[in-house]
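> Sharing a model that was predicted from the sequence below.
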Amino acid sequence: MIEIPEAVEFFEPSTPAGSTSEVFLNYLNYFRSKLVAKVRLMPEADQRASRLPSGWTPLELIKHLRFMERRWLVWGFEGQAIPDPWADRVGDRWHVNDDETLDTLVAGLAEQAATTRSIVKAHDLSEVGQPSGRWAGKPPPTLDRILFHMMQEYARHVGHIDIVCELATGTEEE
């Protein structure tokens, strides 16, 4: 079983890396591990409840990030047909089913992380993605642009989960 590592150290700019691809992959690993660690700190009831006017829950955020990666890399960059690219939503809202648990959602995120790693390792960062419905008729971007976008999305959402976790637990955790 593929897992999200629990305590990935922050990948400092001075940390040696074999390639820019490894830099992207290390930052994505860090953000995933931080996200999962924060949600695991919360009581189970708070994992399924929203503390925000927008209404999203921590479990929905985990599912969203899994499908965000899939949309950008599998459907987008590789141009593969996927049956439901927006499977993290019902209508315009993020959604988890009652039978989805933290463990099953983390397992799905870990599975997508492995797919992401294999895609990144198999391509040059300057390679342009394949045409697909993801681009809505616009020219596909390069892999580095997609990864940069994914990193900013993870960074933003991990900042969100920091706040939600503090509200749920009453403590500020690093």
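Sure, I can see it.

> which residues of this structure fall in helices?
Secondary structure of the chain (DSSP state H): helices located at 20-41, 44-47, 58-69, 102-122, 143-169.

> Go through those helices and pick out the most buried.
For the helices of the chain, the largest average neighbour count (mean count of other Cβ atoms under 10 Å) is found in helix 58-69, namely a mean of 23. Where you see a C-beta, it was placed from the backbone N, CA and C, and this is true even at glycine.

> which residues touch the residue nearest the centre of the chain?
Of all residues in the chain, the one closest to the mean position by Cα atoms, centre = their mean is residue 65, 3.3 Å from it. Residue 65 is in contact with 32, 35, 109, 153, 154, 157, counting by Cβ atoms under 8 Å, 6 or more residues apart in numbering.

> So what touches stretch 95-110?
Contacts of stretch 95-110 (Cβ under 8 Å, 6+ apart): 1-4, 32, 36, 39-40, 44, 47-48, 57, 59-60, 62-63, 65-66, 88-89.

> Repeat that for stretch 38-57.
So stretch 38-57 is contacted by 58-59, 61-62, 64, 93-94, 96, 102, 158, 161-162, 164-165, 167-169, 173 (Cβ under 8 Å, 6+ apart).

> okay, residue 110: pLDDT?
If you check residue 110, the pLDDT there is 96.

> I misspoke; the intended subject was residue 6.
At residue 6, pLDDT is 70.

> Now do the same contact list for it.
33, 36, 37.

> There's contact between the second one and residue 29 in this structure, I believe.
No - taking Cβ atoms under 8 Å as the contact criterion, residue 36 and residue 29 are not neighbours in contact, 10.9 Å apart.

> Thank you, goodbye.
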